[in-house]
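Visitor: Based on what follows, work out the 3D shape:
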Amino acid sequence: MQMRAATVADFAAIHAVRVAVRENRLSDPNRITQDDYRDMLQRDGTGWIIEVDGRIVAFGIADRTHRNIWALFVQPGYEGRGFGRRLLKTMTDWLCNEGCAVIWLTTDPGTRAESFYRAAGWTDAGLETNGERRFEWNCYTHGPFD
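Guide: Residues are numbered from 1 along each chain as shown. Sure thing, here's the model as predicted:
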């Protein structure tokens, strides 16, 4: 297992992981484009990938401009190995170190992801207007992710 910074060359593999997930699925896989990934990685934030045997199996992207976790996904079959937790820690630490006071993310209610964020100590901030559950992390109260 290797974790490294995501690059433009990773976009196709990142998107393949994104559309393969069982929860928090995109209703339209074309809704997220390579331009969206490029904007996130080159203008608004940064991302990381986890590879196993040279294959991207998980990725996360943090958005400094909006102070949020924009994406965190693990390829089916690779869940439960700590990849999501490692990526979440890396992104949370990065955003806190970039000076963000409170960072946030959203996920579908009733999913394993919701339970994952609760167990990780993120604060439930209620439902968004689109029905997604919002979680927050206060960098001053919590500091970087444990």
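
Visitor: roughly how far out does the helix or strand of the chain with the lowest mean pLDDT sit from the chain middle?
Guide: Among the helices and strands of the chain, helix 34-39 carries the lowest confidence by mean pLDDT, DSSP states H and E, at a mean of 74. Centroid separation for helix 34-39 versus its chain: 15 Å, with C-alpha atoms, centre = their mean, to the nearest Å.

Visitor: ok, and for it, which residues are buried?
Guide: For helix 34-39, a neighbour-count test (16 or more other C-beta atoms under 10 Å) marks Tyr37 as buried. Any C-beta I mention is one placed from the backbone N, CA and C, and that applies to glycine too.

Visitor: need the next SSE after it, C-terminal direction.
Guide: Using DSSP states H and E, the helix or strand that follows helix 34-39 towards the C-terminus is strand 45-52.

Visitor: Report the strands that pair with that next one, each with its relative direction.
Guide: Strand 45-52 has its sheet partners listed here by DSSP bridges as strand 2-5 (antiparallel), strand 55-63 (antiparallel).

Visitor: Just give me how far the shortest one sits from the chain centre.
Guide: Per C-alpha atoms, centre = their mean, the displacement of strand 2-5 from the mean C-alpha position of its chain is 14 Å.

Visitor: can you map out the strands along the protein?
Guide: Along the chain, the stretches classed as strands by DSSP state E are 2-5, 45-52, 55-63, 68-74, 102-107, 123-127, 133-138.

Visitor: Right, I'll leave it there.
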